[in-house]
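Trainee: predicted coordinates and the sequence they were generated for:
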Amino acid sequence: MISKIFIIAKDGVLCYSKSFFGSGHKDKEIINFLTSINHVGKNVGLGEIKKLNFTNLNVIYSYDDYNYMYIITSDIDDPEEEIRDKLELIKKEFDNLFHDRLEKWNGKTKQFKEFDRFTESRIFIPPKILLAGKDGVGKSTIMDLFPGETILELDDDMNEIIQKTINLPNLEGITEFILREVNLQDLIGYSKIYKTLLDSADIICIVTNSGAVNLSRTKQLFYELKQKANKADFFIIANFQDLVNTSFEPDKISESFGIKAFGFSAVRADAKDIIYKIITTIVKISIIDKIEKKYNHFV
């Protein structure tokens, strides 16, 4: 997932930046590091840097005819060719929009602020959340709580995917996410068929009935799925919490599964508000907080 974009002039001055996630409070230190290491490389005869690989981050570089430096930082698991394609798209569009200004740049960065419209619409990749559960646990009901049209799409392998693109108004940097629904047993039993779906998921929410019988079977399926999903973070949405005599509390479910569980009841009048809060919390934990932590250790 792309987290930051930097465009730096030949004199080392930042002319455009975009942080999709988090506060960007360390951007100055990151830019200084990225420009300095590139400068050192050229001075000792190694040429321009094309990419840097860190434990949790990839840094991809490109350059234009004006010696401007274009940089994208992304997750270590993101395919480099896809990120580089995005970077070349940025470079091409930036030149198309600001060709005359680049030749005689006056050092004012506000004139490039309008480039946000392009990066937000063409470069930003919304987080993908997979809603997986057995039949009858309420995953479709949860999906229906979110406004918008449910779209039936085909993935690269021509498998049907039920999904919605949903606005997320209460998080800095992330304005929307993609929610996809799939049967948990199908996801495991036909993992080769659903490989693209699994590989692209940033978060997998296991929806379960909170009763003992369903939890036991779901736990077995969760352990099987965890072996097949390479990068996704897992969470539990423990539905049917309204059945107080048979449902286990979220803390007990968290302890049993070893991952964070959120209690939920789809029949409550405020179910829509609650599910928004749950998803917002999940995205903050899994994406924003993790990215902030990565950059805090970057420099």
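Mentor: Structure's in. What do you need? Remember, it's a predicted structure, so these values are computed and weren't measured experimentally.

Trainee: any idea how far residue 148 is from residue 179?
Mentor: Using Cβ to Cβ, to the nearest Å, we find residue 148 at a distance of 9 Å from residue 179. All C-beta atoms are positioned from the backbone trio N, CA, C, and that covers glycine.

Trainee: and the longest helix seen in the chain, what does it pack onto?
Mentor: Counting by DSSP state H, the longest helix found in the chain is helix 80-103. Under the contact definition 3 or more Cβ pairs under 8 Å, 6 or more residues apart in numbering; DSSP states H and E, helix 80-103 sits against strand 2-8, strand 57-63, strand 69-75, helix 116-118.

Trainee: let's see 10 Å
Mentor: Packing contacts for helix 80-103, counted by 3 or more Cβ pairs under 10 Å, 6 or more residues apart in numbering; DSSP states H and E, involve strand 2-8, strand 14-19, strand 51-53, strand 57-63, strand 69-75, helix 116-118.

Trainee: the fifth one pairs with which strands?
Mentor: By that I understand strand 69-75. strand 2-8 (antiparallel), strand 57-63 (antiparallel) (DSSP bridges).

Trainee: list the buried residues for it?
Mentor: 69-75 (16 or more other Cβ atoms under 10 Å).

Trainee: in a markdown table: these, plus pLDDT and distance to residue 36.
Mentor: A markdown table is the format used below for the buried residues of strand 69-75 (pLDDT from 0 to 100; distance: Cβ to Cβ, whole Å):
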| residue | pLDDT | distance to residue 36 |
| --- | --- | --- |
| 69 | 91 | 12 |
| 70 | 95 | 17 |
| 71 | 94 | 13 |
| 72 | 93 | 18 |
| 73 | 91 | 16 |
| 74 | 89 | 21 |
| 75 | 85 | 24 |
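
Trainee: ok, of these, which one's closest to residue 105?
Mentor: Nearest to residue 105 among these: residue 69, at 13.5 Å, using Cβ to Cβ.

Trainee: OK, contacts around that closest one?
Mentor: 6-10, 12, 14, 31, 34-35, 38, 48-49, 61-63 (Cβ atoms under 10 Å, 6 or more residues apart in numbering).

Trainee: equivalent analysis for residue 205, please.
Mentor: 129-133, 139, 142, 179, 232-237, 262, 278-279, 282.

Trainee: take those residues and keep only those in helices.
Mentor: Those of these lying in helices (DSSP H): 139, 142, 278-279, 282.
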